[in-house]
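Colleague: below is the sequence, then the predicted model.
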Amino acid sequence: MAARISFRPLAGARDQTPYCFLLEVDDFRILLDCGWDDHFRPDELAHLADVAPTIDAVLLSHADLPHIGALPYAVNKLGLSTNHIYATGPVGKMGQMFMYDTYQSFRSVEEFALWDLDDVDTVFESIRLVRYMQRVELSTPTGTIEISAHPSGRTLGGAVWRIVKETEEIVYAVDFNHRKEKHLNPWCIEDFHRPTLLIADVANALGPHEGRKIRDKDFFTNILETLRHGGNVLIPIDSAARVLEVMLLMDQYWTFNRLRNYSIAFLSNTSFNTVKFAQSQLEWMCDDVTNYFEASRENPFSFSYIQLCHSLEELKSTRGPVVVLATTASLEYGMARELFTQWCDNPSNMVLFTEHGRPNTLAHAVMSRENESITVQMKRRVHLDGEELEEWMQMKHLEREQQRIDDAERLLQEERKELEESEMAMVPDTVTVLQPTINRYFTDASVHDLIVTTSSHHMRPYPMFPSNLPKFDYDEFGEHVQWDEILKHVNESPDGEGEDDVLMMDARDTLDAIEEYDEEPTKCIVEELQLNVRCQLHFVDLEGRSDGRSIKNILSTIEPRKLILTHANDHCIKLMTRYVEKHVKQCERVLSPNITETASIATGTSVYNAMLSDELSRMPLFPAGNYELSFIDAIMRVAEVEAIPSVSASGSSATDSKGKEEETLEPNTTASSSAPVLEAAPLDRIAPHPAIMVGELKLSDFKKLLDDAGYHCAFSKGVLLVEGGISLSKPSHSRRTVVKGPVSP
């Protein structure tokens with residue numbers, strides 16, 4: 001039977017809210033991303049809360065807020081299962097760093113209770129990390145679903161997910177980039193062709209096509225002009241995704257031009273650990289990065305000009321005019337918001353945005369420049385003083401007294417239990433044991449009476465008081481065993497996972513230390529500030545997303561049978577829909593459902609499982625992509641039915657590169673539950689087979705075949721010339737081959 005496919009947006013449908021989609025394949029529910037916005041309002045997750053307990057698997061695409069922001073909350077508060085959460089290695093590690101930074105950013109200014117560091121650890125330690133192209137099979141009641149992650153570009157470890165159920169192929173591609181960057185490979189579009197369904201976002205459909213050289217020149221020209229006039233530059237940015245590309249770009253530019261008079265700082269709660277993780281993930285980056293490392297043995301992410309800061313106090317140690325990359329990009333929380341309030345009134349300073357501000361954020365309000373005056377709410381954590389401090393100290397004193405009493409009672413109960421267990425094991429039945437008592441003159445509750453026995457068979461050589469001696473672990477040579485050091489080395493692995501675990505523990509220890517320091521008496525206050533934005537504002541597109549023209553070419557190249565457009569406004573969706581209907585003729589239908597609307601995808605393909613007879617099982621098979629193809633001339637027999645006509649009208653059945661039959665069988669309602677068997681058809685019923693071209697013709701491979709056949713061939717400006725009179729060419733962004741000239745004498 002054909003697979004039943006349905007798609008329902010829980011967020012991010014026809015707007016730029018976070019990514020969160022529900023995909024159902026034969027009642028198997030897959031959650032595609034689990035994002036949240038910068039305000040972290042639980043009521044915005046109402047649609048996710050309705051379906052979270054029923055989710056069978058979760059696929060994560062990128063390590064940023066719109067893709068993973070709600071994951072800890074959904075697991076710990078909404079009942080989302082952690083059994084089948086999949087992501088690439090960098091998305092898992094960098095995502096954990098991002099959530100650490102987000103938690104600490106809120107915890108430092110307010111009482112944050114949506115999740116804590118333990119919740120983050122629980123979720124991300126349960127994620128099943130996969131590599132690119134690795135095929136993972138998910139068992140379902142109706143068969144097996146195969147998933148695999150492919151490079152998407154834009155962020156380290158970013159993934160385009162391929163989901164396959166029998167002959168149905170679903171591609172989930174959001175936030176992709178077809179262009180190579182400083183440290184990332186592009187999305188390899190050639191790996192995808194004619195999927196059953198393509199789910200793609202077109203948020204950047206109106207984005208202009210701009211060359212990288214022009215973009216970089218604009219970026220550095222504005223920065224240097226500000227620095228040379230004595231101003232500072234603030235670049236609001238994320239904590240673990242696009243910041244890696246921007247840092248690498250700036251450090252290489254500073255190194256090449258030897259700009260020692262100006263400083264660069266990365267300001268984040270997890271800045272050190274984020275960079276360390278990047279240094280250990282070179283195998284996920286482009287060939288330029290790995291080749292540079294192999295040739296020089298220098299890690300590109302061992303920055304020469306970038307100072308890593310964890311607080312505004314550390315930032316004060318930087319010298320001269322400074323460029324600060326601070327979290328977060330939206331200016332809704334984090335140290336970038338605090339720094340913006342301090343620098344925005346100075347005309348010499350600049351705020352340089354590298355991505356479009358999300359709606360209803362401070363960054364969006366500043367970029368719109370409706371007026372110079374902006375009212376901002378600033379949350380702060382301040383120390384207690386006066387009467388508030390005395391009340392807090394009295395409360396803490398009462399808590400310590402109560403804790404001491406509770407500890408004494410707990411210790412007494414434990415020692416009573418230990419004493420009873422030891423007496424039952426070592427003293428005969430004739431032994432009389434006095435009940436333990438507490439001497440009122442001693443504060444220690446562990447004083448026991450003497451054990452007295454009346455038996456002649458003593459288990460102990462002499463009466464003695466019970467005592468708990470410290471136990472030490474020694475090896476066979478008498479050396480004290482240090483288990484912490486041993487476990488540290490055991491956890492290390494050749495592929496660097498052990499090092500990643502150590503870095504993760506360091507990051508967690510750092511944040512725990514900050515929390516302990518913050519346990520000094522403090523309170524949270526909210527202030528309203530009236531800001532006069534007199535600083536320079538500039539935007540340079542470093543989002544790393546494909547532009548509008550490129551998205552159109554990508555859709556023309558992939559040629560999906562069905563297309564779902566998401567994460568864009570109505571204008572962008574209508575624009576892309578008209579383009580697909582006009583230029584992508586192979587696309588049967590374009591959908592763009594609203595939130596909670598369900599789009600049912602009718603595949604139109606009937607899939608039948610059949611057994612091959614012994615004669616047919618020995619037929620030659622030819623590899624073609626993920627499948628093996630062969631012509632079959634057969635007769636199907638099912639249960640009591642004597643014979644069923646041949647598979648196709650001509651007596652043959654050919655399958656394309658996706659395994660779909662050219663002629664579809666009609667379902668047999670009278671067949672029994674036993675599997676049908678295909679038997680070889682008689683020779684007199686076999687018709688000649690038509691020629692079928694499977695896959696894409698590559699002119700370079702075709703030239704080799706013609707050379708082997710004795711033809712004289714040569715390339716000229718992308719056109720293959722054969723014997724000087726025949727030309728073969730392939731139009732750009734098309735899979736067709738155009739032949740001009742006399743094909744035969």
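Modeller: Right, received. Where do you want to start? Because the structure is a prediction, the values reported are computed rather than measured.
Colleague: hmm, residue 141 and residue 27 touching each other?
Modeller: Yes: at 7.1 Å, residue 27 counts as touching residue 141 under the criterion of Cβ atoms under 8 Å. Using the backbone N, CA and C atoms, a C-beta is placed for each residue, glycine as well.
Colleague: can you pick out the residue with more neighbours from these two?
Modeller: Applying other Cβ atoms under 10 Å to residue 27 and residue 141 shows that residue 27 carries more neighbours, namely 12 against 7.
Colleague: tell me who's in contact with that one.
Modeller: 4, 140-142 (Cβ atoms under 8 Å, 6 or more residues apart in numbering).
Colleague: quick check, nearest of those residues to residue 386?
Modeller: In terms of Cβ to Cβ, no member of the contacts of residue 27 lies closer to residue 386 than residue 140, at 63.8 Å.
Colleague: show me the beta-bridge partners of that closest one.
Modeller: residue 143 (DSSP bridges).
Colleague: residue 229 against residue 347, yeah?
Modeller: No: the pair residue 229 / residue 347 is not scored as a contact, 9.6 Å apart, by Cβ under 8 Å.
Colleague: out of those two, which sits in the busier spot?
Modeller: residue 229 (13 against 10).
Colleague: how close does residue 631 get to residue 693?
Modeller: Distance from residue 631 to residue 693, counting by Cβ to Cβ, to the nearest Å: 14 Å.
Colleague: and the strands in the stretch 51-200 of the chain?
Modeller: Taking DSSP state E, counting those that start in this stretch, the strands of the stretch 51-200 of the chain run over residues 57-59, 85-88, 128-130, 136-140, 143-151, 159-165, 168-173, 197-201.
Colleague: low pLDDT regions in the stretch 1-150 of the chain?
Modeller: 1-2 (pLDDT under 70).
Colleague: now do the contacts for residue 523.
Modeller: 381-382, 384, 388.
Colleague: pick the one among the residues you listed closest to residue 551.
Modeller: Closest approach between these and residue 551, by Cβ to Cβ: residue 381, at 44.3 Å.
Colleague: residue 559: neighbour count?
Modeller: 19.
Colleague: please apply the same query to residue 534.
Modeller: Number of residues near residue 534 (other Cβ under 10 Å) recorded here: 12.
Colleague: repeat for residue 352
Modeller: 21.
Colleague: same check on residue 83?
Modeller: Applying other Cβ under 10 Å, I find that residue 83 has 11 neighbouring residues.
Colleague: ok, now how distant is it from residue 55?
Modeller: Look at residue 83 and residue 55: by Cβ to Cβ, they are 10 Å apart.
Colleague: and residue 215, by the same measure?
Modeller: Note on residue 215: its distance to residue 55, by Cβ to Cβ, is 39 Å.
Colleague: got it, and residue 586?
Modeller: Distance, residue 586 to residue 55, by Cβ to Cβ: 32 Å.
Colleague: could you do residue 149 as well?
Modeller: Counting by Cβ to Cβ, the separation of residue 149 from residue 55 is 18 Å.
Colleague: and these two? which has more neighbours close in?
Modeller: Higher neighbour count among residue 149 and residue 55: residue 149, with 26 against 22, using other Cβ under 10 Å.
Colleague: what's the neighbour count on the residue lying closest to the more buried one once chain neighbours are set aside?
Modeller: Computed as Cβ to Cβ, 6 or more residues apart in numbering, the closest residue to residue 149 that is not its neighbour in sequence is residue 159, at 3.9 Å. For residue 159, the count of nearby residues is 29 (other Cβ under 10 Å).
Colleague: and residue 159, bridged to which residues?
Modeller: Taking DSSP bridges, one obtains residue 151 as the residues bridged to residue 159.
Colleague: separation between residue 354 and residue 194?
Modeller: Separation of residue 354 from residue 194 (Cβ to Cβ): 36 Å.
Colleague: which one's more surrounded, the two?
Modeller: Neighbours per residue, other Cβ under 10 Å: of residue 354 and residue 194, the larger number sits with residue 354, 22 against 17.
Colleague: can you name the residues that contact the more buried one?
Modeller: 235-237, 242, 246, 329, 539-543.
Colleague: what do you get for residue 68?
Modeller: Counting by Cβ under 8 Å, 6+ apart, residue 68 touches 33-35, 60, 62, 91, 95, 98-99.
Colleague: please repeat the previous calculation with a cut-off of 6 Å.
Modeller: By Cβ atoms under 6 Å, 6 or more residues apart in numbering, the residues touching residue 68 are 60, 95.
Colleague: swap in the one 4 residues further on?
Modeller: Contacts for residue 72 were tallied using Cβ under 6 Å, 6+ apart; they are 115, 119-120, 123.
Colleague: and which of those residues is nearest to residue 185?
Modeller: Checking the contacts of residue 72 one by one against residue 185 (Cβ to Cβ), the nearest turns out to be residue 123, at 28.0 Å.
Colleague: that closest one is in contact with residue 73, isn't it?
Modeller: No: assessed by Cβ atoms under 6 Å, residue 123 is found out of contact with residue 73, at 9.4 Å.
Colleague: okay, the two: which has more neighbours?
Modeller: Looking at residue 123 and residue 73 with other Cβ under 10 Å, you find the greater number of neighbours at residue 123, namely 25 against 22.
Colleague: sorry, back to before: report the buried members of the contacts of residue 27.
Modeller: Among the contacts of residue 27, those classed as buried by 16 or more other Cβ atoms under 10 Å are residue 4.
Colleague: kindly reformat the contacts of residue 27 as a markdown table containing distance to residue 222.
Modeller: Listed next are the contacts of residue 27 as a markdown table, based on distance: Cβ to Cβ, whole Å:
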| residue | distance to residue 222 |
| --- | --- |
| 4 | 53 |
| 140 | 53 |
| 141 | 58 |
| 142 | 57 |
